[in-house]
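Asker: here is my input, please return the structure:
(chains A, B, C and D)
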2 protein chains.
Amino acid sequence: MVSEIPGGHASVRKLLMSTLDDLSNGERKVARALMAQYPTAGLTTVVDLAEISGVSPPTVVRFVTRLGFTGFPAFQRALVHELNGELGSPLKQYPEKGGPSALGILPETHQAFAEMLLASYSELPESEFKKAVKLLCDPARDIRVTGGRFSRSVADYLVAHLRLLRSGVHGVGADDEIDRRTTVADAGPGTVLVIYDYRRYTDQNLVFAERMAARGAVVCLMTDNWLSPIAKVAKVVLPARVDSASPFDSLVASMAVTESIVAGVAERLGTAGIARLELVEEAVE
Amino acid sequence: MVSEIPGGHASVRKLLMSTLDDLSNGERKVARALMAQYPTAGLTTVVDLAEISGVSPPTVVRFVTRLGFTGFPAFQRALVHELNGELGSPLKQYPEKGGPSALGILPETHQAFAEMLLASYSELPESEFKKAVKLLCDPARDIRVTGGRFSRSVADYLVAHLRLLRSGVHGVGADDEIDRRTTVADAGPGTVLVIYDYRRYTDQNLVFAERMAARGAVVCLMTDNWLSPIAKVAKVVLPARVDSASPFDSLVASMAVTESIVAGVAERLGTAGIARLELVEEAVE
DNA sequence: TAGGTTGAGTAACTTTTGTTACAGAGTCCC
DNA sequence: GGGACTCTGTAACAAAAGTTACTCAACCTA
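Answerer: Numbers count the residues shown, from 1 in each chain, chains lettered A, B, ... in the order given. Sure, this is the predicted structure:
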């Protein structure tokens, strides 16, 4: 049995990508649903796929015929056949990396991110990482988190997660001077300040960190590898790359390191953290 | 929909192994054929599987009922369901490998991020990406951005960047019902709603998106690849992987795609965007 | 060796699935 | 603002798939 994929494409996925523009609105929904749960969404029935996609069965049929198949069964056979060849390593299906750039922003940025992550993680000292995790796990300490104009997003993200795992975690506004002053006033040796500070560094952040340190707070600095001046007063420094091709710096690596920290905290807290997590989740619903 | 595997087995394959002895001669042939071409042989029809196994269709049916399934369709659903788990996320394989982090969290998460990015970018249709960029560059349109509990951070991040590149960009609070209602009231065909919605999906977000769409707004959805129900009303959908070893999902890929979009917008706006950027930067200092 | 029991295939049946025809809704263009 | 066109869903239809009843063959037991 030889199942042919229309248009001479190597895989149904490729065919899907290249046909996406020629599809009608509803048909595109089917394509998306299929790509989202590839290829299992296509291995059930027309009705099921229609339901997942949010369209009617005939639209699904029209979709597969538009792709060039003679009908849904033929389409399914092609899918199964493809699965036969490439099962085991789904990554095999992913496109081979072409030449450098020249192929649009998407592959270009992806490559940049991958390299950035690699560089960031190899430059991230494990000892610093562990220190940070340990600090954030200590129930006796209060955690305060803040950031700059862009990095506040990542700071908020860290707060949102840590709050689920432990108590005493609060974000501090970036522009809210009152908030910062009261935070300094309340700070002591039991306080941990996590501060995100990437170039270009602001005096605002430096002053805040210095004041916190002066009151005995432990400063944990998230910065790029040009190292913010705050490093001078920081106990722990976690550098991450921010290089980018676009006019803006990238905080993807920062975000990644942040998530690693959350993962580290979750693991270290173990069942206690999970228990709290489930407790909070229940309360939400 | 929850497909149950009879006998409390973890996978159909395991069930197969342990039942092999209790099968009749012909039934065992079917089991052999199935294991030889697992699981694709079971994804076709009863007749096909019978042919491959060298038995008659009823024997195949008897085989699956002996396994404990109520019928062939139920058996097939279990296979597909299982496939979803293994194939759907390549990352799921790692955490269970060497028990509790043989190599530490750092390299582990890094690897996970790298693979997640690869998967996300190869599953991201360029046409959808371009549509999104085009929408966000249109000066005649108003941009509204919102997100969920965690994804609001990424949403804020997008707003922070877009605001530097163009006018008419505003974030919409995630919990602020008043804000959402007024946003709906002000919306029209000239409005673009960028909504971040990752599992677990909230009704809040769905309702909001539907109302916006009903008023003619163009919905651009950022979601994971289980596809939020919002996809039904969305004009553009940009999926990103969120699989993670930690108890939380990861938004690193979402962040990366967001930055790609910012880069795309910056490039498309060209000198106009840069000019505005510099103007704003000057004003800040 | 004869009778009983178990297992497998043929064929008819029933259900489910894919397909097609048709009509209404929305959209674009003049 | 009207008309043509495209698109989508409802509903009826046809095809196919899965299931079951029945019969024959093989094997074990007495």
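
Asker: is there any residue in stretch A:176-194 that contacts chain B?
Answerer: No - contact of stretch A:176-194 with chain B (CB under 8 Å from any CB of the partner chain) is absent, the minimum separation being 14.5 Å. Every residue, glycine included, has its C-beta placed from N, CA and C.

Asker: state the mean pLDDT of that stretch.
Answerer: Within the predicted structure, the mean pLDDT of stretch A:176-194 is 94.

Asker: neighbouring contacts of that stretch?
Answerer: With CB atoms under 8 Å, 6 or more residues apart in numbering or on different chains as the test, stretch A:176-194 has contacts from A:135-136, A:138, A:140-146, A:155, A:158, A:172-173, A:208-209, A:211-213, A:215-220, A:222.

Asker: pull out the buried positions in that stretch.
Answerer: For stretch A:176-194, the buried set under the neighbour-count rule, 16 or more other CB atoms under 10 Å in any protein chain shown, comprises A:179-180, A:183-184, A:187, A:191-194.

Asker: stretch A:199-217 too?
Answerer: A:201, A:205-206, A:208-213, A:215, A:217.

Asker: can you redo those as CSV with secondary structure?
Answerer: CSV is the format used below for the buried residues of stretch A:199-217 (DSSP: H, G, I helix; E, B strand; the rest coil):
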residue, secondary structure
A:201, coil
A:205, helix
A:206, helix
A:208, helix
A:209, helix
A:210, helix
A:211, helix
A:212, helix
A:213, helix
A:215, coil
A:217, coil
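
Asker: point out where chain A drops to low pLDDT.
Answerer: The model of chain A has pLDDT under 70 over residues A:1-10, A:85-103, A:273-274, A:277, A:280-285.

Asker: which parts of it are strands?
Answerer: Along chain A, the segments classed as strands by DSSP state E run A:142-146, A:169-171, A:191-197, A:218-223, A:236-239.

Asker: let me know the angle separating the third one from strand A:142-146.
Answerer: Between the axes of strand A:191-197 and strand A:142-146, defined by axes from the mean of the first three to the mean of the last three CA atoms, to 10 degrees, the angle is 20 degrees.

Asker: what angle do strand A:191-197 and strand A:218-223 make?
Answerer: Strand A:191-197 and strand A:218-223 are oriented at 20 degrees to each other (the same axes, to 10 degrees).

Asker: tell me the strands beside strand A:191-197, with direction?
Answerer: Partner strands and pairing direction for strand A:191-197 (DSSP bridges) are strand A:142-146 (parallel), strand A:218-223 (parallel).

Asker: near DNA strand D, which residues of chain A are found?
Answerer: When proximity is defined as CB under 7 Å from any atom of the strand, chain A approaches DNA strand D at A:24-27, A:54-59, A:62, A:73.

Asker: state the distance from residue A:266 to residue B:22.
Answerer: With distances defined as CB to CB, to the nearest Å, the gap from residue A:266 to residue B:22 amounts to 43 Å.

Asker: domain ranges for chain A, per the record?
Answerer: Recorded structural domains for chain A (assignment: automatic domain parsing) are A:6-93, A:106-284.

Asker: can you check which of those gets nearest to residue B:43?
Answerer: The closest of these to residue B:43 is domain A:6-93. By CB to CB, the value is 5.2 Å.

Asker: how about that closest one and DNA strand C, touching?
Answerer: Yes - counting by CB under 7 Å from any atom of the strand, DNA strand C has neighbours in domain A:6-93: A:45-47, A:57-58, A:61, A:64-65, A:70-73, A:76.

Asker: residue B:31: which of those residues is nearest?
Answerer: Once CB to CB is applied, the member of the residues of domain A:6-93 next to DNA strand C that ends up nearest residue B:31 is residue A:76, at 23.3 Å.

Asker: the closest one: what's it in contact with?
Answerer: When the contact criterion is CB under 8 Å, 6+ apart, the partners of residue A:76 are A:42-43.

Asker: how about a cut-off of 10 Å?
Answerer: The neighbourhood of residue A:76, defined by CB atoms under 10 Å, 6 or more residues apart in numbering or on different chains, consists of A:3, A:39, A:42-46, A:64, A:69, B:43-45.

Asker: can you check residue A:227 too?
Answerer: Residues in contact with residue A:227, defined by CB under 10 Å, 6+ apart, are A:197, A:199, A:201, A:221, A:234, A:237, A:239.

Asker: how far away is the last one from chain B?
Answerer: In this structure, residue A:239 lies at 13 Å from chain B, with CB to the nearest CB, to the nearest Å as the measure.

Asker: buried only: go through the residues of chain A next to DNA strand D for me.
Answerer: By neighbour count, with 16+ other CB under 10 Å, the residues of chain A next to DNA strand D hold A:26-27, A:54-55, A:59, A:62 as buried.

Asker: closest to DNA strand D among those residues?
Answerer: Closest to DNA strand D out of these is residue A:26 (3.0 Å), distances taken as CB to the nearest atom of the strand.

Asker: quick check, the closest one in contact with residue A:57.
Answerer: No - taking CB atoms under 10 Å as the definition, residue A:26 is not a contact partner of residue A:57, at 11.4 Å.

Asker: overlap in contacts of the two?
Answerer: With CB under 10 Å, 6+ apart as the test, residue A:26 and residue A:57 both reach residue A:50.
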